[in-house]
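**Student:** sharing a model prediction with you, sequence too.
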Amino acid sequence: MHTLLVGLTLLMTANGGPQFARDHSCAKADKKAGAAKTTTPAVDPNAMLAKSHGGKVWIVTGPTPNAEGAELGKWLDKHPPKAEIKKEAKDTRWSMTYIAVFKKPPARGPATVQFVDKKEPGTLVDQYSTDTAATSVVFQEPYDLDTNNGFNKDRTYIIRVGQIIKNKFVTYATGEVSLK
């Protein structure tokens with residue numbers, strides 16, 4: 001009987017038995033731990049912008065660039081992140097689109113945008129969360145700065161784009177906008 005067991009062990013070792021047993025136990029452990037199937041994640045075409053432009057917000061008052069990747073990088077290089085917005089005297093709002101470039105991909109969930117008066121850094125003028133989830137290192141959205149919401153002419157505001165995580169605002173990108 002002992003000879004039979006030794007022979008069976010040698011046969012399994014020669015034919016990869018332990019490898020099968022190890023692979024089978026690892027697969028069982030992966031399944032038990034809820035490991036997902038390995039799939040190739042989608043590549044963000046703007047990922048390269050995170051290194052060169054990450055952490056900044058651009059303010060656009062005209063047409064927004066419809067480019068991604070290198071083309072968007074060229075556009076960002078040609079435009080300063082600080083902006084000055086003018087409005088007609090009869091208007092009550094300044095219209096703009098902001099383009100935020102994050103240093104790393106955001107967490108799942110909606111993005112939150114804060115506007116703070118530059119002269120009074122502790123004063124939060126406006127904050128809102130978008131219904132659109134931020135999924136790329138580049139996030140852009142149109143927004144109106146309204147006098148009825150506390151925005152005033154001849155003031156500069158710091159815009160912060162990030163997310164609220166565990167009841168704390170995490171900043172991914174900042175910029176400035178001056179209202180004239």
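**Tutor:** Structure received.
**Student:** do you know how far the residue nearest to the spatial centre of the chain is from Asp44?
**Tutor:** Nearest residue to the geometric centre of the chain (CA atoms, centre = their mean): Pro106, 3.2 Å. Pro106 is 11 Å from Asp44, where distance means CB to CB, to the nearest Å. Glycine gets a C-beta too; all of them are placed from N, C-alpha and C.
**Student:** joint contacts of these two?
**Tutor:** Listed as contacting both Pro106 and Asp44 by CB atoms under 8 Å, 6 or more residues apart in numbering are Val137.
**Student:** residues in contact with the residue nearest to the centre of the chain?
**Tutor:** When contacts are counted by CB under 8 Å, 6+ apart, Pro106 touches Ala134, Thr135, Val137, Phe139, Gly162, Gln163, Tyr172.
**Student:** show me which of those is closest to Val113.
**Tutor:** For the contacts of Pro106, the minimum distance to Val113 (CB to CB) is 8.2 Å, reached by Gly162.
**Student:** below-threshold pLDDT in this protein: ranges please.
**Tutor:** Scanning the chain for pLDDT under 70 picks out 1-42, 133.
**Student:** now the helices for it?
**Tutor:** Along the chain, counting by DSSP state H, helices occupy 2-14, 17-33, 49-53, 69-78.
**Student:** contacts for the third one?
**Tutor:** Outside of helix 49-53, the residues within contact range by CB under 8 Å, 6+ apart are Gly69, Leu72, Gly73, Leu76, Val101, Phe102, Lys103, Lys104, Val137, Val138.
**Student:** could I have the ChimeraX command that selects the buried members from those residues?
**Tutor:** Per 16 or more other CB atoms under 10 Å, the buried members of the contacts of helix 49-53 correspond to this ChimeraX selection:
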select :72,73,76,101,102,137,138
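**Student:** excluding its backbone neighbours, what's nearest Ala111?
**Tutor:** Among residues not flanking Ala111 along the chain, Ala134 sits closest, at 4.1 Å (CB to CB, 6 or more residues apart in numbering).
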